[in-house]
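Participant: task: produce atomic coordinates for the following.
(chains A and B)
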2 protein chains.
Amino acid sequence: MVGNKKLQTIIEGVLSGKTDMLSKAITLVESQRSEDREDAAKVLAACSSSPGTSLRIAISGAPGVGKSTFINVFGQHLIQKGKRVAVLAIDPSSEKSKGSILGDKTRMAQLAVEINAYIRPSPTSGALGGITRNTHEAMLLCEAAGFDVIIIETVGVGQSETAVSNLVDLFILLVIAGAGDELQGIKRGIMEQADLVVVNKSDRAEKVNLRTAIQDLKNALHMFPPNDKGFAVEVLSSSAIENKNIDIVCEKALDLFSTMQNSGVLDRSRSEKAVTLMHQMLRTRILGVVFDRITNQEMRTMETAINNGELSPFQAVDELLKTVIGFT
Amino acid sequence: MVGNKKLQTIIEGVLSGKTDMLSKAITLVESQRSEDREDAAKVLAACSSSPGTSLRIAISGAPGVGKSTFINVFGQHLIQKGKRVAVLAIDPSSEKSKGSILGDKTRMAQLAVEINAYIRPSPTSGALGGITRNTHEAMLLCEAAGFDVIIIETVGVGQSETAVSNLVDLFILLVIAGAGDELQGIKRGIMEQADLVVVNKSDRAEKVNLRTAIQDLKNALHMFPPNDKGFAVEVLSSSAIENKNIDIVCEKALDLFSTMQNSGVLDRSRSEKAVTLMHQMLRTRILGVVFDRITNQEMRTMETAINNGELSPFQAVDELLKTVIGFT
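Facilitator: Below you'll find the model as predicted:
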């Protein structure tokens, strides 16, 4: 508990767009201390009254694809168009890649100094489903603070990462052009979440490789059923480091958003995604709670029994449900 | 309980390859009556003593792709090569397609009359995970009855259908060549389970469409990481109705199986799949048990609250876990 007066200061600060208060509010909702939960709920309730009109974008891609450099330039283009931009960024110290250890301010140096930008590292570990919830609540707070565009940086792997697609309006997937097998690094399933695919680091690719990469991606996208938003998924290319074509990606994202707004697709999409997210989180939480009751030792014993032919997989499941979990 | 003497007759009948006794044994393991469970366990225990050396094949594909016609011809080729062939077939009356309602004997007429063939309709509905277990146990019984090849016909949709890939040694995916978008009907994820892809009904496709379909499939397969069995997934074409190239598919399947046997990959693959299946079934069963405690009405109430903005997806999950399921 931070006291009612302090809490009021935080709430008013967020609602008037003060980023120092926004940071305090996000820290509060991220807190796992039980005494902070009540305060966090109050702040969220006070800040979630108006429906969000911000554009929520996930920018996803494997480590090394140049996400932070891309967001650094992308964010500046948005600001030039009069937008206030919040970035919920991956904490580089917790990313598995050899990413910068100098922190987000350095990773997105030019964007960080903009008055209309706010960059906040996101926790990338924690309880099952916890990251998604933290990201969702941080996003709502950024909206309450008047940010027009909320960018969520994500590596697109793992359950929590996949759930992010249900938090946003647009999912932009960054890839790089390689030697024809650039797609192998992409987690299965992530392609079908993409609303826009961008081949980044075009400066490093031979022209022919870039063309092949774009064509391969188009072929791959062609395999998925058309999305239900009423637009085809396009493949663009960009070079963040040379500031090339990022303006086109920026324009495209804003266009798609206003199309979705005007057609009513945006509201429907948000509703559907919220319900999907609920089901997804429910499954995650249920499995989390139940699996917590099974020790690694118990699981290994069953696996060994299966490998030795002592139990069928189904008998092992019966055993675990009966003796370990207490289900009938 | 069928009585000890009757049970012994069934067991001995299965072990000596009598198909009438095999049918009785499968009926017993499929039974949901609790008084049959003990008998079923005895039969399975008596029949599972020797490790299976049969080739287990799933033949999968969307309704209309010609699975039963394919299996009818495929099975006859196997029999010509001296194999005894068991087919666990989809019950056509329960398939959603406009499939034949004349039963499996008619769907696979020529195969059905072969002395070395056994065709058994599989239940395609039932408790979560139940179909997979029934199929697994029916397969073990067919092996005990001396069948060299067990073919499981599957439509490749739904959780239970996906689990089938962990029951078999080879997963053959049938598709048809259409107007360039033949892949859209394929459930995402099923491509990566395939060990062999066959474009069936080649008689109906224009040559250029067939070529395009094969190339599209090769491109799509190229996107997946190589499988861990040590062979590349090939794309073949066939016409079951004209008995064209099915012999090639048959030869290929037997080749892959003996390669896997000789390299030791088969044993490893079966072990790994059994463990994967255990985890998969465990999740399915846990979710089944817990979701059974939530009524449709309770779920709809939460969805409405989310759509009305009264609850966030995360708050809805908290509510369901706390009040409905009793989790903390």
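
Participant: can you pull out the strands in chain A?
Facilitator: Counting by DSSP state E, chain A has these strands, from start to end: A:55-60, A:85-90, A:117-122, A:149-154, A:170-176, A:196-200, A:234-237.

Participant: out of those strands, which comes closest to chain B?
Facilitator: Closest to chain B of the strands of chain A, according to Cβ to the nearest Cβ: strand A:170-176, at 11.7 Å. To be clear about C-beta, it is placed using only N, CA and C from the backbone, and glycine gets the same treatment.

Participant: counting contacts, what elements does the closest one pack onto?
Facilitator: Contact here means 3 or more Cβ pairs under 8 Å, 6 or more residues apart in numbering or on different chains; DSSP states H and E; on that basis strand A:170-176 packs against strand A:55-60, strand A:196-200, helix A:207-222, helix A:246-263.

Participant: which other helices and strands contact the third one?
Facilitator: So that's helix A:207-222. Where contact means 3+ Cβ pairs under 8 Å, 6+ apart, helix A:207-222 is packed against strand A:170-176, strand A:196-200, strand A:234-237, helix B:207-222.

Participant: equivalent analysis for the last one, please.
Facilitator: Identification of packing neighbours for helix A:246-263 by 3+ Cβ pairs under 8 Å, 6+ apart yields strand A:55-60, helix A:67-80, strand A:170-176, strand A:196-200, strand A:234-237, helix A:265-291.

Participant: dump those to CSV, plus mean pLDDT and mean neighbour count.
Facilitator: Supplementary listing: the helices and strands packed on helix A:246-263 in CSV, determined by pLDDT from 0 to 100; neighbours: other Cβ atoms under 10 Å in any protein chain shown:
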stretch, mean pLDDT, mean neighbour count
strand A:55-60, 95, 26
helix A:67-80, 95, 23
strand A:170-176, 92, 24
strand A:196-200, 93, 25
strand A:234-237, 94, 19
helix A:265-291, 91, 19
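
Participant: for the closest residue to residue A:275 other than its chain neighbours, give me its contacts.
Facilitator: Nearest residue to residue A:275 in three dimensions, chain neighbours excluded: residue B:303, at 5.1 Å (Cβ to Cβ, 6 or more residues apart in numbering or on different chains). Residues near residue B:303 by Cβ atoms under 8 Å, 6 or more residues apart in numbering or on different chains: A:275, A:278, B:316.

Participant: so which of those residues is the closest to residue B:222?
Facilitator: residue A:275 (35.5 Å; Cβ to Cβ).

Participant: ok, the closest one touching residue B:306?
Facilitator: Yes. The pair residue A:275 and residue B:306 qualifies as a contact (Cβ atoms under 8 Å) at a distance of 5.7 Å.

Participant: give me the pLDDT for whatever residue of the stretch 1-150 of chain A ends up closest to chain B.
Facilitator: With Cβ to the nearest Cβ as the measure, the residue in the stretch 1-150 of chain A that lies nearest chain B is residue A:133; the distance is 4.7 Å. The per-residue pLDDT reported for residue A:133 equals 86.

Participant: how about the contacts made by the nearest residue in space to it that is not next to it in sequence?
Facilitator: Using Cβ to Cβ, 6+ apart and skipping residues adjacent in sequence, the residue nearest residue A:133 is residue B:314, 4.7 Å away. Listed by Cβ under 8 Å, 6+ apart, the contact set of residue B:314 reads A:129, A:132, A:133, A:136, A:278, A:281.

Participant: which one of those residues sits closest to residue A:62?
Facilitator: Relative to residue A:62, and with distances defined as Cβ to Cβ, the nearest of the contacts of residue B:314 is residue A:132, at 19.6 Å.

Participant: the residue lying closest to residue A:299 once chain neighbours are set aside: neighbour count?
Facilitator: Spatially, and ignoring its direct neighbours in sequence, residue A:299 is nearest to residue A:320 (7.9 Å; Cβ to Cβ, 6+ apart). By other Cβ atoms under 10 Å in any protein chain shown, the residues close to residue A:320 number 23.

Participant: re the thing from before, now distance to residue A:44 too, for the strands of chain A, in CSV please.
Facilitator: Output for these, formatted as CSV (distance: least, Cβ to Cβ, whole Å):
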stretch, distance to residue A:44
strand A:55-60, 17
strand A:85-90, 16
strand A:117-122, 16
strand A:149-154, 15
strand A:170-176, 24
strand A:196-200, 30
strand A:234-237, 36
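
Participant: out of those strands, which is closest to residue B:193?
Facilitator: Across the strands of chain A, residue B:193 has its closest neighbour in strand A:170-176 (23.7 Å, Cβ to Cβ).

Participant: quick one, that closest one and helix A:246-263 angle?
Facilitator: If you take axes from the mean of the first three to the mean of the last three Cα atoms, to 10 degrees, strand A:170-176 sits at 160 degrees to helix A:246-263.

Participant: quick check, pLDDT for residue A:319.
Facilitator: Residue A:319 carries a pLDDT score of 91 in this model.

Participant: show me what contacts it?
Facilitator: The neighbours of residue A:319, taking Cβ under 8 Å, 6+ apart as the test, are A:302, A:311.

Participant: can you report phi and psi for residue A:201?
Facilitator: With angles defined as degrees, to the nearest 10, residue A:201 shows backbone torsions of phi 60, psi 40.

Participant: tell me how many other residues surround it.
Facilitator: 23.

Participant: was I right about it contacting residue A:64?
Facilitator: No. Taking contact to mean Cβ under 8 Å, the distance of 9.1 Å between residue A:201 and residue A:64 leaves them out of contact.

Participant: distance check, the residue nearest to residue A:133 against residue A:258.
Facilitator: 29 Å (Cβ to Cβ, to the nearest Å).

Participant: and what of residue A:210?
Facilitator: Here the distance between residue A:210 and residue A:258 works out to 29 Å (Cβ to Cβ).

Participant: the more surrounded of those two?
Facilitator: residue A:210 (18 against 12).

Participant: count the neighbours of the nearest residue to the more buried one once chain neighbours are set aside for me.
Facilitator: Counting by Cβ to Cβ, 6+ apart, the nearest residue to residue A:210 once its immediate chain neighbours are dropped is residue A:177, at 4.8 Å. When neighbours are counted by other Cβ under 10 Å, residue A:177 registers 24.

Participant: how near is residue A:177 to residue A:237?
Facilitator: Taking Cβ to Cβ as the measure, residue A:177 falls 8 Å from residue A:237.

Participant: any idea how far stretch A:195-213 is from the middle of the chain?
Facilitator: The chain centroid and the centroid of stretch A:195-213 are separated by 23 Å, computed with Cα atoms, centre = their mean, to the nearest Å.
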